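In: Below are the sequence and a predicted model for it; my questions follow.
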Protein chains: 2
Amino acid sequence: MREDTRTRIQEIALRLFIEQGYEATSLREIAEELGVTKAALYYHFKTKDDIVTSLVDLRVAEMEELLAWAKSRPKTPEMRRELLERYAERLKQPRYLGVTRFLERNQTALRDHPKLRKMRETMLALTREMSEPGDPPAERLSRSLALFTLHAAKRLMDGDLTEDEAGEAAMEVATRLLEP
Amino acid sequence: MREDTRTRIQEIALRLFIEQGYEATSLREIAEELGVTKAALYYHFKTKDDIVTSLVDLRVAEMEELLAWAKSRPKTPEMRRELLERYAERLKQPRYLGVTRFLERNQTALRDHPKLRKMRETMLALTREMSEPGDPPAERLSRSLALFTLHAAKRLMDGDLTEDEAGEAAMEVATRLLEP
DNA sequence: GTCTATAGCCAGATAGAC
DNA sequence: GTCTATCTGGCTATAGAC
């Protein structure tokens, strides 16, 4: 028994949005890969925008959960270390990683999308939970960069490392960025 | 005596490409801001793509110069430190910084553009000059990240710091990423 | 749930007058 | 150098048959 059409649309759309960008990907392309016509997509999603919303929803929920957890904890080195691990854990889920990459690569194109705005705010709030307002700027930047490193690693080491090697190296560098 | 039209087109286009993205910016918008019609733009640039090429040319040249310099030097800690400074120096020129941001935010949309391909290759080659192939992955990633930090700082510390503070913090973190 | 057909819009680009 | 006018074509989205 195979997946339903709605899910397959999401998968194809996500892949194309990552490869080509949101604006450069037309509904015709998505429909063609799925083997249906454009019109069929409109049965499953009201607009192109709705596809984005459906893709992002999962990640927004998880990020808010992560933020709530961070807020419930004191700002200690242990908490930061654990936050890093929880974040890395989520990045291991392929679907979640895909959405992350999609968001990374289409920030400008989707800057007015409400869900994306919310996402950016949540991410910013999360980095803020890693420092006190009075901490030195370099320290705060370093800690923010730690989170960021986890998903920038693959792009930076383009081709030189396997996915696993890159992930391991990223965790090592990120951990070091948390140290004083 | 004011700037010529060609330069003004470049300035307006660059700003809009950064703010809204390449695809989301139409020639009509650029022309309207300039106070002319679309057709006038075609006297100065053969295509929309040509505007991009003209914007990127300056940076490609500087990056290749930087790469040539790096290749002429031994891979020592001092060389890496100096490379960082030279890179930071270029990022201080407003025009150059603008192009950098434009490229950062439109990588996906312009992935097939030959000049952009070249740019990415040069950037990758530059990070490779910072390590020996045999160095541990985490060390290589850390050094690549050092360069990257210099222009990611502003985005990560969104609103919390002034441009100067962010630049200073970025240099501090980047320097530390070079240390063993 | 998927089709055909098409409306409506706006993009990039060109021709030729001034 | 800049204009008006226009072409061509792809896009999102909808209507209505099956």
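Out: In hand now; what should we look at?
In: Quickly list the domain ranges of chain A.
Out: What automatic domain parsing lists as the domains of chain A is A:1-45, A:53-178.
In: anything in the shortest one near DNA strand D?
Out: Yes - where contact is defined by C-beta under 7 Å from any atom of the strand, part of domain A:1-45 touches DNA strand D, namely A:25-29, A:38-39, A:42. Yep, even glycine has a C-beta here, placed from its N, CA and C like the rest.
In: what's the answer for the longest one, then?
Out: No - using C-beta under 7 Å from any atom of the strand, domain A:53-178 stays clear of DNA strand D, coming no nearer than 11.8 Å.
In: How about that domain and chain B, any contact?
Out: Yes - using C-beta under 8 Å from any C-beta of the partner chain, domain A:53-178 comes into contact with chain B via A:105-109, A:111, A:124, A:127, A:136-138, A:140-142, A:144-145, A:148-149, A:152-153, A:156-158, A:160-161, A:165-166, A:168-170, A:172-173, A:176-177.
In: just to revisit the earlier point, can you list the domains of chain A in a markdown table and add distance to B:Ile12?
Out: Shown next, in a markdown table, are the domains of chain A (distance: least, C-beta to C-beta, whole Å):
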| stretch | distance to B:Ile12 |
| --- | --- |
| domain A:1-45 | 20 |
| domain A:53-178 | 17 |
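In: Find the residue closest to A:Ala88 in space, skipping its chain neighbours.
Out: Closest residue in space to A:Ala88, ignoring its immediate chain neighbours: A:Leu150 at 5.5 Å, by C-beta to C-beta, 6 or more residues apart in numbering or on different chains.
In: what's the burial count for the one you found?
Out: 19 (other C-beta atoms under 10 Å in any protein chain shown).
In: And A:Leu14, by the same measure?
Out: 19.
In: Just give me the neighbour total for A:Thr162.
Out: 10.
In: related to what we said a few turns ago, mean pLDDT for the domains of chain A - can I get that in JSON lines?
Out: Converted to JSON lines, the domains of chain A look like this (pLDDT from 0 to 100):
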{"stretch": "domain A:1-45", "mean pLDDT": "95"}
{"stretch": "domain A:53-178", "mean pLDDT": "94"}
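In: how about those, which one is nearest B:Ala61?
Out: domain A:53-178 (22.8 Å; C-beta to C-beta).
In: can you tell if that closest one touches DNA strand C?
Out: No - interface with DNA strand C: domain A:53-178 contributes nothing (C-beta under 7 Å from any atom of the strand), its closest point being 13.7 Å away.
In: quick revisit: let me know the closest of the residues of domain A:1-45 next to DNA strand D to DNA strand C.
Out: Using C-beta to the nearest atom of the strand, A:Ala39 comes nearest to DNA strand C of the residues of domain A:1-45 next to DNA strand D, at 3.1 Å.
In: dump the residue contacts of A:Leu110.
Out: A:22, A:52, A:103, A:116 (C-beta atoms under 8 Å, 6 or more residues apart in numbering or on different chains).
In: redo that, cut-off 10 Å
Out: A:17, A:22-23, A:49, A:52, A:56, A:102-103, A:116-117, A:119, B:21, B:24 (C-beta atoms under 10 Å, 6 or more residues apart in numbering or on different chains).
In: A:Asp49 now?
Out: Counting by C-beta under 10 Å, 6+ apart, A:Asp49 has contacts A:22, A:110, A:113-115.
In: number of nearby residues for A:Glu132?
Out: 9.
In: chain center to the helix ranked longest in chain A, what's the gap?
Out: Criterion DSSP state H: the longest helix present in chain A is helix A:48-71. Helix A:48-71 sits 9 Å away from the centroid of its parent chain (C-alpha atoms, centre = their mean, to the nearest Å).
In: again with stretch A:130-145
Out: 22 Å.
In: And for stretch A:101-110?
Out: 9 Å.
In: could you flag which of the contacts of A:Leu110 are buried?
Out: A:17, A:22-23, A:52, A:56, A:102-103, A:116, A:119, B:21, B:24 (16 or more other C-beta atoms under 10 Å in any protein chain shown).
In: related to what we said a few turns ago, secondary structure added to the contacts of A:Leu110, as CSV?
Out: Below are the contacts of A:Leu110 laid out as CSV (DSSP: H, G, I helix; E, B strand; the rest coil):
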residue, secondary structure
A:Phe17, helix
A:Tyr22, coil
A:Glu23, coil
A:Asp49, helix
A:Val52, helix
A:Val56, helix
A:Phe102, helix
A:Leu103, helix
A:Leu116, helix
A:Arg117, helix
A:Met119, helix
B:Gly21, coil
B:Ala24, coil
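In: and which of those is nearest to B:Ala68?
Out: Nearest member of the contacts of A:Leu110 to B:Ala68, counting by C-beta to C-beta, is B:Gly21, at 32.1 Å.
In: So what touches the host helix or strand of A:Tyr43?
Out: For A:Tyr43, the host element (DSSP states H and E) is helix A:38-44. The contact list for helix A:38-44, computed with C-beta under 10 Å, 6+ apart, reads A:4-10, A:13, A:26-32, A:34, A:36, A:47-48, A:50-51, A:54.
In: Buried among the residues you listed? Need that as a selection in ChimeraX.
Out: Typed into ChimeraX, the line below selects the buried ones among those, using 16+ other C-beta under 10 Å:
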select /A:8,9,10,13,27,30,31,34,36,48,51,54
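In: hmm, back to that, now, among the residues of domain A:1-45 next to DNA strand D, which is nearest to B:Leu97?
Out: Of the residues of domain A:1-45 next to DNA strand D, the one sitting nearest to B:Leu97 (C-beta to C-beta) turns out to be A:Thr25, at 29.7 Å.
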